[in-house]
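Peer 1: I would like the atomic coordinates for the input below:
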Amino acid sequence: MTKMIDIDPDESPRARFAYELRRHRLAAELTQKQLARRIGFSTSAVAMVETSKFRPSERFAELCDQVFGLDGVMARLYAEVWPPPPPVPAHFRDWAVEEQRATALRFWAPLLVPGLLQTEDFARQVLSRLPGTSPEQVEERVRGRMQRKAILSRDNPPTVTTLIDEGVLHRPIGGPAVMREQMEHLLEMARRPKVTVQIVPYGAEALSGLSGAFTIAEMRGNPYTVRVESQPWGRTVADRGTIAELIGCFDAIRADAYPQHLSCKMIEEVVKQKWT
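Peer 2: I've put the predicted structure just below:
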């Protein structure tokens, strides 16, 4: 008799792992206690993973593959759900993981071009201005930021929607050459089928967005975590109430934004008039 699996695998990446673990355990006709004994973990650990309340280790996934007779299925799923983050500061690692596995990302950028859309020189200028950062740390963080961008070149990249305040186009980060390259890169990214770039004009009354930048991560249409930028380091939040509020904020800002074709024309004009 087939037992019902009552967790929604599309709710989040962690829920997907939980769903597959329980599905394979039931197919193997094992109780949670029996599986726990075979892999050397506690019954409560297995139960918490199956209810998406606990992040397992990579070894946990590998041992489950052995018990279920799978050819690395759970280990590959683990790597997909919890990929190793690029070299980024400790305070950003949780978000770097979420960024890699999200199927859609929504950015609101009132002050700077979002990190995933930055050029190397623009990123270097931004990161070099952080107090107490050594040249070696700057270069390490630039490499990490560039590695993060690899998700945009995957066979199936995430859908990216970016709202950028008009002031960002005029803020002289690094001088004309750096800004021209950055603006041209934005235009190039906007030509990709899964990337949308929209400019929010000075005259917009998007007051709800003035409190700071944020990013919403989605998995198969379900927003499940956000990155809120604040001093000194920002924070990653999974609270559903906060996520709902920021989705409403994003939608309100986007209502005042130019459509993409007009946004690209604005960027082109700024490049001609200011950064050539």
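Peer 1: where do the helices sit along the protein?
Peer 2: 13-27, 32-39, 43-50, 58-68, 73-81, 93-101, 120-128, 135-148, 166-170, 176-190, 240-255, 260-274 (DSSP state H).
Peer 1: So which bits of the shortest one are buried?
Peer 2: The reference is to helix 166-170. 166, 168-169 (16 or more other C-beta atoms under 10 Å). To be clear about C-beta, it is placed using only N, CA and C from the backbone, and glycine gets the same treatment.
Peer 1: Could you do the third one as well?
Peer 2: Under the neighbour-count criterion of 16+ other C-beta under 10 Å, helix 43-50 has 45-46, 49-50 buried.
Peer 1: in the chain, which residue is closest to the centre?
Peer 2: Note on the chain: the residue nearest the mean C-alpha position is residue 99, at 2.2 Å, using C-alpha atoms, centre = their mean.
Peer 1: so who does that residue touch?
Peer 2: The neighbourhood of residue 99, defined by C-beta atoms under 8 Å, 6 or more residues apart in numbering, consists of 105, 116, 148, 151, 215, 217.
Peer 1: Would you confirm that the last one contacts residue 228?
Peer 2: Yep, that's residue 217 we're talking about. No: no contact is recorded between residue 217 and residue 228 when judged using C-beta atoms under 8 Å, the distance being 11.9 Å.
Peer 1: picking up where we left off before, of the helices of the chain, which is nearest residue 197?
Peer 2: Closest approach to residue 197 among the helices of the chain (C-beta to C-beta): helix 176-190, 4.2 Å.
Peer 1: now for the closest one, which elements pack on it?
Peer 2: Contacting helix 176-190 under the criterion 3 or more C-beta pairs under 8 Å, 6 or more residues apart in numbering; DSSP states H and E are the following elements: helix 120-128, strand 195-200, helix 260-274.
Peer 1: Would you check how far apart residue 235 and residue 130 are?
Peer 2: Taken as C-beta to C-beta, to the nearest Å, the spacing of residue 235 relative to residue 130 amounts to 17 Å.
Peer 1: isn't residue 182 right next to residue 114, touching?
Peer 2: No: no contact is recorded between residue 182 and residue 114 when judged using C-beta under 8 Å, the distance being 11.4 Å.
Peer 1: Neighbour count for these two, which is higher?
Peer 2: With other C-beta atoms under 10 Å as the criterion, residue 182 and residue 114 differ in neighbour count, and residue 182 comes out ahead with 26 against 20.
Peer 1: Which residue, other than its chain neighbours, is closest to the more buried one?
Peer 2: Sequence neighbours aside, residue 122 is the residue nearest to residue 182 in space, at 4.4 Å (criterion: C-beta to C-beta, 6 or more residues apart in numbering).
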